[in-house]
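J.: Got a sequence here, can you model it:
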Amino acid sequence: MSSKEERQGPPSFEEATNRRQKVRAAGLDPNYWYAVEHDSKIAKKQIVEVKFWGQSAALYRDEKGRLHAVENRCAHRQVPLTLGTVAGERIVCEYHGWGYNGAGELVDVPHTLFGKKMPQCKLRTFPVRVRYGLVWMFFGDPERADATPMPEIPELEGDNRWECVPVDFTWQAHHSLIIDNVSDFTHEFLHRDYAPFTGAKLTKLETVGDSVQLAYDTKVGRGKISGLFVDRASIDTNSMELAYQYPYQWSNTDGKIKHWLFVLPIDERTTRVFFLFYFDHFVVPFTKIKLPKRVMRPFLKISNELLVKPLLRQDGRVTQGEQEGHERHWDAPVVELSPAVNAFQALTVRKWEEYLAAERAKKEQRELVRLQRREALERASVAEAAADGAEE
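T.: Okay, here's the model as predicted:
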């Protein structure tokens, strides 16, 4: 029996024998801020489940409107807290009513303790922030959260901020497939009915630290629908800059048309994607009249429905198909022509290797400390026994 017949699916990261197998098994470093939900979609006293690489958290808004996130389990019987309710600041387990405050501490047990003391239970919590209309969570070392920068989008801040209507999807595809897709402009055939970009020619490709920077000469916004809104008279739509700024992705057309992509890796084959598209200005269709920023929002919503969502659904369909193909043919020969895709994959693999190495080092350090403490206790015990013997 061949190794493929014996194996039920693609290899793990450690077992992978080439970069494609590695990148499709790689996680994302949790020591970054990740967009997890739209702020407007979480009402007071509402609980939502957030998953990051198989790890489940209960994100909730208390009665005062503050957001909290704790691991999604009650310390009593491990029942998911997402089945529960919110009372004041507390998240309350649906089973026995055990209540936890925003710091994850057990503060209420409404039934008899059978003469015992209140259990000293504390759940893991996750730092939470709100920015650009999105809720962000930090799933890594909480001590690193404050020092870890979040994406900076100055156009979406201040009194003169650009309008933006976020779009999100959940796709049955590994996160690396999505990063490959949005920065690789050789797939214009897929979007031939919309023509958001055509004739793309890669003119720049450079890896700088934890970022892959690239540029294309391409005709942007020349399609029947996109061309209605894009002001080509005042915007240079003949080139575009992009970057995979790990773990985020962005693009920029002449400083006037921009987007960010934030991925949330739910598990090995499921990813939630948040797209922020924002424009310096639109023109009224069939005219050259520029729309003021204050009235752009309705046009952005129309653009999302007519162009953005249909385009992204095409991307979602093929990335999900690629996921299924990888699961069936994970050992097929690697045939990748795009140097940009190769660079994205190399960065994803390197960052995951760095994270795993750091975790191994921390584990080894904890084990060393444990052994040192045990040896110290043994020496103290020997010394105490020797002292007792000397006294006798």
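
J.: so where's the protein shaky on pLDDT?
T.: Scanning the chain with the threshold set as pLDDT under 70 gives 1-7, 221-236, 281-289, 388, 390-392.

J.: cutoff 50 now
T.: Within the chain, the stretches with pLDDT under 50 are 1-2, 4, 225.

J.: In terms of residue numbering, what are the domains of it?
T.: 33-144, 161-347 (automatic domain parsing).

J.: Ok, which of those comes nearest residue 155?
T.: domain 161-347 (4.5 Å; C-beta to C-beta). C-beta: built from backbone N, CA, C; applies to glycine.

J.: Just the endpoints, please. Distance across that closest one?
T.: Terminal residues of domain 161-347 lie 32 Å apart, using C-alpha to C-alpha, to the nearest Å.

J.: leaving aside the residues next to it on the chain, what's closest to residue 46?
T.: residue 61 (5.8 Å; C-beta to C-beta, 6 or more residues apart in numbering).

J.: how deep is that neighbour tucked in, by neighbour count?
T.: 20 (other C-beta atoms under 10 Å).

J.: any idea how far it lies from residue 37?
T.: Note on residue 61: its distance to residue 37, by C-beta to C-beta, to the nearest Å, is 10 Å.

J.: Likewise for residue 159?
T.: As judged by C-beta to C-beta, residue 159 and residue 37 stand 26 Å apart.

J.: who's more crowded, the two?
T.: The neighbour comparison of residue 159 against residue 37 (other C-beta under 10 Å) goes to residue 37, with 20 against 4.

J.: Can I take it that residue 249 is in a strand?
T.: Yes: counting by DSSP: H, G, I helix; E, B strand; the rest coil, residue 249 is located in a strand.

J.: Quick check: bridge partners of it?
T.: In this entry, residue 249 is beta-bridged to residue 244, residue 261, by DSSP bridges.

J.: Strands of the stretch 101-250 of the chain, start to end?
T.: 106-108, 128-131, 134-138, 167-171, 197-208, 211-220, 239-245, 248-253 (DSSP state E, counting those that start in this stretch).

J.: quick one: the second one to chain centroid distance?
T.: Taking C-alpha atoms, centre = their mean, to the nearest Å, one finds the center of strand 128-131 at 14 Å from the center of the full chain.

J.: Please point out which parts of that strand sit buried.
T.: For strand 128-131, the neighbour count (16 or more other C-beta atoms under 10 Å) marks 128, 131 as buried.

J.: Given it, what are its sheet partners and their directions?
T.: strand 134-138 (antiparallel).

J.: The spatially most central residue of the chain sits in which helix or strand?
T.: Compute the mean C-alpha point of the chain, and by C-alpha atoms, centre = their mean the closest residue is residue 264, 2.7 Å away. Assigned by DSSP states H and E, residue 264 belongs to strand 257-267.

J.: Would you mind getting the angle between that strand and strand 248-253?
T.: Put simply, strand 257-267 runs at 160 degrees to strand 248-253, going by axes from the mean of the first three to the mean of the last three C-alpha atoms, to 10 degrees.

J.: what's the very next helix or strand once past strand 257-267 packed up against?
T.: Next helix or strand after strand 257-267 toward the C-terminus (DSSP H and E): strand 270-279. On a contact count with 3 or more C-beta pairs under 8 Å, 6 or more residues apart in numbering; DSSP states H and E, strand 270-279 meets strand 167-171, helix 175-183, strand 257-267, helix 296-303.

J.: I'd like those laid out as TSV, including distance to residue 364.
T.: Shown next, in TSV, are the helices and strands packed on strand 270-279 (distance: least, C-beta to C-beta, whole Å):
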stretch	distance to residue 364
strand 167-171	37
helix 175-183	28
strand 257-267	26
helix 296-303	51
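
J.: looking at the ones you listed, which is closest to residue 381?
T.: strand 257-267 (47.3 Å).

J.: List the buried residues in that closest one.
T.: Buried residues in strand 257-267 (16+ other C-beta under 10 Å): 257-266.

J.: elements contacting that strand?
T.: Using 3+ C-beta pairs under 8 Å, 6+ apart, the elements in contact with strand 257-267 are strand 33-38, strand 47-52, helix 175-183, strand 248-253, strand 270-279.

J.: Which helix runs longest in the chain?
T.: helix 339-391 (DSSP state H).

J.: still on that earlier bit, nearest to residue 27, out of the helices and strands packed on strand 270-279?
T.: strand 257-267 (6.4 Å).
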